[in-house]
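Student: structure here, sequence nowhere to be found:
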């Protein structure tokens with residue numbers, strides 16, 4: 001392969017230095033982070049500048065700023081460093097009860113409050129040293145999922161947003177509406193959905209919920225007052241107003257308990273969602289990742305049973 005001679009001449013320690021420099025934007029702070037002397041890290045920076053033919057860090061007054069190339073490198077360096085760490089931490093046999101591995105999962109606050117919470121309980125019983133890092137996804141993460149999931153362990157998201165990746169179905173969920181708890185407990189009509197203001201989650205061309213998209217397909221253009229990038233805070237923007245909201249049925253009791261709202265049945269047949277865990281095929285044969293997948297499948301089955 002033509003790239004092999006070049007790769008064999010690279011000093012992978014420079015990747016560690018590059019990541020620290022891009023994160024700290026300071027030779028001094030990066031050296032402290034890596035427990036190196038400042039001259040040693042300055043030498044690494046000089047080698048990086050020669051390799052990329054770019055300053056990487058450009059002085060602006062009393063501080064440094066990343067160059068345009070360095071900004072582009074920031075995501076790549078973190079991904080490459082995490083991938084390298086996983087390669088050298090892999091073991092031929094793995095005992096979850098003795099492991100201290102960290103698993104990184106992308107998802108929404110909905111998935112964390114439901115299946116994520118159940119997985120964390122199971123993990124604490126069976127693998128007390130294992131760490132779970134749940135990170136909020138974004139449209140950028142979903143669009144770049146094939147690349148992001150090379151260095152992360154999974155993405156929790158319903159079907160309809162991803163393809164070409166490995167997945168396992170976890171549990172099914174429905175939809176309910178939310179309104180202020182002081183409103184009369186009367187059935188909501190389609191005309192109400194069209195006339196009332198809304199507080200919605202992920203309301204954009206590339207960020208949406210299937211139930212909200214379905215309302216639009218039924219010919220109703222909602223009057224949106226508030227957009228919230230998450231589900232758990234939605235009730236706070238409905239309480240004390242005439243707004244409606246849409247949430248997953250399993251999440252409604254949690255939101256009702258934290259704000260003055262009440263769930264109501266929708267006047268149309270909202271299509272249920274099938275929630276899934278997605279991962280990159282590079283993790284397919286990893287026994288540690290297989291254990292994690294089984295844990296999520298068990299947690300999802302518990303949610304499906306109610």
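Tutor: Arrived safely. All values reported here derive from a predicted model rather than from experimental measurement.

Student: how about whatever helix or strand residue 104 lives in: buried residues?
Tutor: Element membership of residue 104 [criterion: DSSP states H and E] is strand 102-107. Neighbour counts using 16 or more other CB atoms under 10 Å place 103, 104, 105, 106, 107 of strand 102-107 among the buried residues. To be clear about C-beta, it is placed using only N, CA and C from the backbone, and glycine gets the same treatment.

Student: now for residue 247, how many residues are close by?
Tutor: Residue 247 has 26 neighbours, counted by other CB atoms under 10 Å.

Student: and it, that one's in a strand?
Tutor: Yes. Membership of residue 247 in a strand is supported by DSSP: H, G, I helix; E, B strand; the rest coil.

Student: for it, what are its contacts?
Tutor: By CB atoms under 8 Å, 6 or more residues apart in numbering, the contact set of residue 247 is 110, 175, 176, 178, 201, 231, 234, 255, 263.

Student: if you look at those residues, which of them are in helices?
Tutor: 110, 255 (DSSP state H).

Student: got the contacts of residue 247 as CSV, with pLDDT and neighbour count columns?
Tutor: Shown next, in CSV, are the contacts of residue 247 (pLDDT from 0 to 100; neighbours: other CB atoms under 10 Å):
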residue, pLDDT, neighbour count
110, 95, 25
175, 95, 24
176, 96, 20
178, 97, 26
201, 89, 23
231, 94, 25
234, 95, 24
255, 96, 25
263, 97, 20
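
Student: how far off centre is stretch 281-296?
Tutor: 18 Å (CA atoms, centre = their mean, to the nearest Å).

Student: one more: stretch 185-197?
Tutor: 33 Å.

Student: what does stretch 216-228 give?
Tutor: Centroid displacement of stretch 216-228 relative to its chain, using CA atoms, centre = their mean, is 25 Å.

Student: show me the shaky parts of the stretch 151-300 of the chain.
Tutor: Scanning the stretch 151-300 of the chain for pLDDT under 70 picks out 203-207.

Student: show me where it has its helices.
Tutor: Counting by DSSP state H, counting those that start in this stretch, the segments of the stretch 151-300 of the chain that form helices are 190-195, 210-217, 252-258, 287-304.

Student: helices and strands around the third one, which ones?
Tutor: Spelled out, that is helix 252-258. strand 175-180, strand 261-264 (3 or more CB pairs under 8 Å, 6 or more residues apart in numbering; DSSP states H and E).

Student: can you name the residues in contact with it?
Tutor: The contact list for helix 252-258, computed with CB under 8 Å, 6+ apart, reads 113, 176, 178, 181, 231-232, 234-236, 247, 261-263.

Student: most widely separated two among these?
Tutor: 113 and 181 (20.1 Å; CB to CB).
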